[in-house]
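> Structure, please.
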Amino acid sequence: MPVSDWFRAREQRRYTVASPKTASADLPDGVWLKCAGCKHTVYRGDLEKNLNVCPHCGHHTELTAFERLLALADDGTFEETDATMTSTDPLRFTAAKPYAETLAAAREKTGLSEAVVTGRALVGGHPAVLGAMDFRFIGASMGSVVGEKVSRAFDRARDERRAVVFVTASGGARMQEGMISLMQMAKTAAAVRRFSDAGLPFVAVLGNPTYGGVTASFPVLADVILAEPGAMVGFAGPKLVEETTRQSLPKGFQTAESLVRHGFVDAVVPRTELAQTVARVLDYLCAQEVPEAAEGAACPVPRGEGS
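Numbering: from 1, shown residues only. As a prediction, this is how the structure comes out:
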């Protein structure tokens, strides 16, 4: 058949277009989702039951701060602290829109007062202070209130002889607060130092992504650093590093798997195994000096401390 005849026949075909109303009448929006990793279509209910981990390829998608905390804490034990703390606009900063409007939009979108949630809980029976960052809130950037809540979490854990388990997922410092934001790196690092000097254990979990001033401060000072599969962790992003160094980066640069090989991260742990892994780590780090110590008692100084 000549090409001209093929086009003529194609134009003469008749097509039946499904009505948008009938096509989606029985299927609410968002029931089926396409995995960003393997492109399989996944039922939302199955994805949520699996902690937002694709059952086909294991791709980890975003979790809210409360979802992360409740997945780690023993059932019914999480109690939020500093829930009402919220940022102000000390510099009256305006870029694309005023910082005050950005804060208001983030609060409305997430239902949170700030980008980090902290509280007390039991993890595998061990008393702990938990914290988790929520990337939906201005990229979980670390401003004055985020830094204050993180510091208070470590000070509270030190005073109450609890372990600390913190999950990070952040773009870095919140530059709408200028130098005040940058000061939070030193502030949170100092809080970790005071906590560490008390001989108490700190476990950090690096989620995707963990960048900038957050990576450069408190999570990398942990006794044990875990990361979720595929998490991107670094100070500056790969594109910026490549443009600055003018060198091609190796495959997998800044991924959790690469960081394990280079000794920056202790282990990559799937989210579905994270609660059990953290509990097992605390079993080691909070080894009871007194065999008959009751479950849920304050975490003692780890074995060998001061020796």
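
> Go ahead and confirm residue 258 touches residue 252.
Yes - counting by C-beta atoms under 8 Å, residue 258 touches residue 252, with 4.5 Å between them. C-beta coordinates here come from the backbone N, C-alpha and C atoms, glycine included.

> what are the ranges of the helices in the stretch 51-200 of the chain?
If you assign secondary structure with DSSP state H, counting those that start in this stretch, the helices in the stretch 51-200 of the chain sit at 65-72, 99-110, 144-160, 178-197.

> so where do the strands sit in this protein?
Listed from the start of the chain, the chain has strands (DSSP state E) covering 32-34, 41-43, 79-81, 116-123, 126-133, 163-170, 202-210, 224-227, 267-268.

> Chain neighbours aside, what residue packs nearest to residue 78?
residue 121 (4.3 Å; C-beta to C-beta, 6 or more residues apart in numbering).

> Number of residues surrounding that neighbour?
Using other C-beta atoms under 10 Å as the criterion, residue 121 is surrounded by 22 other residues.

> can I get the helices of the stretch 51-200 of the chain in TSV with distance to residue 52, mean pLDDT and mean neighbour count?
Written out in TSV, the entries for the helices of the stretch 51-200 of the chain read as follows (distance: least, C-beta to C-beta, whole Å; pLDDT from 0 to 100; neighbours: other C-beta atoms under 10 Å):
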stretch	distance to residue 52	mean pLDDT	mean neighbour count
helix 65-72	8	96	20
helix 99-110	16	96	16
helix 144-160	23	98	21
helix 178-197	27	97	17
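
> so which of those helices gets nearest residue 205?
For the helices of the stretch 51-200 of the chain, the distance to residue 205 is smallest for helix 65-72, at 8.2 Å, taking C-beta to C-beta.

> Identify all contacting residues around the closest one.
Counting by C-beta atoms under 8 Å, 6 or more residues apart in numbering, helix 65-72 makes contact with 51-52, 63, 78, 112, 116-117, 119, 121, 123, 130-134, 165, 167, 207, 271, 274-275, 278, all of which sit outside it.

> Mind doing that once more with 7 Å?
Where contact means C-beta atoms under 7 Å, 6 or more residues apart in numbering, the residues beyond helix 65-72 that reach it are 51, 78, 112, 116-117, 119, 123, 130, 132-134, 165, 167, 274-275, 278.

> What are the boundaries of the helices in the stretch 201-307 of the chain?
212-215, 238-245, 256-261, 274-285.

> re the thing from before, do you know which of the helices of the stretch 51-200 of the chain lies nearest residue 283?
Proximity of the helices of the stretch 51-200 of the chain to residue 283 was assessed by C-beta to C-beta; the nearest stretch is helix 65-72, lying at 14.7 Å.

> Can you give the distance from that closest one to the centre of its chain?
Distance of helix 65-72 from the chain centroid (C-alpha atoms, centre = their mean, to the nearest Å) equals 10 Å.

> and it with strand 163-170, angle?
140 degrees (axes from the mean of the first three to the mean of the last three C-alpha atoms, to 10 degrees).

> what's the angle between helix 65-72 and helix 274-285?
With the same axes, to 10 degrees as the basis, helix 65-72 and helix 274-285 are set at 60 degrees to each other.

> Pull the number of nearby residues for residue 31.
The local packing count at residue 31 equals 9, with neighbours defined by other C-beta under 10 Å.

> Tell me the spatial nearest neighbour of it, not counting adjacent residues.
residue 44 (5.7 Å).
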